[in-house]
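>>> no letters, just coordinates:
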């Protein structure tokens with residue numbers, strides 16, 4: 001089930017963050033999650049009381065930015081990332097994000113929702129990997145939104 005995160009979720013989100021991202025990706029701390037729960041949009045996918053994925057969107061910018069999308073390794077391949085992305089693309093008319101150029105699986109997922117590749121960001125990540133900017137617009141998108149249900153948050 002997809003829902004907004006609350007402050008009680010910060011510890012579990014920090015655990016998931018460290019499970020998914022290595023030290024080179026500057027994982028978010030419990031304190032950072034608490035801040036983002038209060039100030040931004042943080043949706044979680046919870047099943048049987050356990051958080052299996054989340055998407056964090058910074059909404060203070062002109063175009064909302066997907067800062068992070070993460071799914072527990074044990075829950076990958078079950079449509080959780082797609083469900084979270086569908087919820088976010090249903091809520092916003094435009095979005096942007098950055099993704100590692102070596103993360104083709106994520107790039108394919110974003111493209112399946114209508115995100116378009118933009119400029120390359122040389123040495124964008126802490127380990128020196130390049131990033132790529134991607135943008136979404138409902139007006140120009142051929143996204144998978146038709147196959148998803150709208151959810152209110």
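Now that the structure is in, tell me what you want to look at. The model shown is predicted, which means the values in this text are computed figures rather than measured ones. Numbering: from 1, shown residues only.

>>> next, the contact list for the residue nearest in space to the middle of the chain, please.
Within the chain, the residue whose C-alpha comes closest to the C-alpha centroid is residue 69; the distance, by CA atoms, centre = their mean, is 2.4 Å. Residue 69 is in contact with 53, 54, 55, 56, 81, 84, 85, 106, counting by CB atoms under 8 Å, 6 or more residues apart in numbering. All C-beta spots, glycine's among them, are computed from the backbone N, C-alpha and C.

>>> okay, and which of those map to strands?
Among these, the members falling in strands are 53, 54, 55, 56 (criterion: DSSP state E).

>>> and of these, the nearest to residue 137?
Set against residue 137, the nearest of the ones in strands among the contacts of residue 69 by CB to CB is residue 55 (18.1 Å).

>>> please enumerate the strands of this structure.
Using DSSP E, strands in the chain cover 2-4, 41-47, 50-58, 65-71, 94-100, 116-121, 131-137.

>>> so what are the sheet partners of the last one and their directions?
Sheet neighbours of strand 131-137, with direction, are listed as strand 94-100 (antiparallel), strand 116-121 (antiparallel) (DSSP bridges).

>>> run the chain-centre distance for that strand.
Here strand 131-137 is found 13 Å from its chain centre; the criterion is CA atoms, centre = their mean, to the nearest Å.

>>> can you list the residues that contact that strand?
Where contact means CB under 8 Å, 6+ apart, the residues beyond strand 131-137 that reach it are 63, 89, 92-101, 107, 110-111, 113-121, 124-125, 143.
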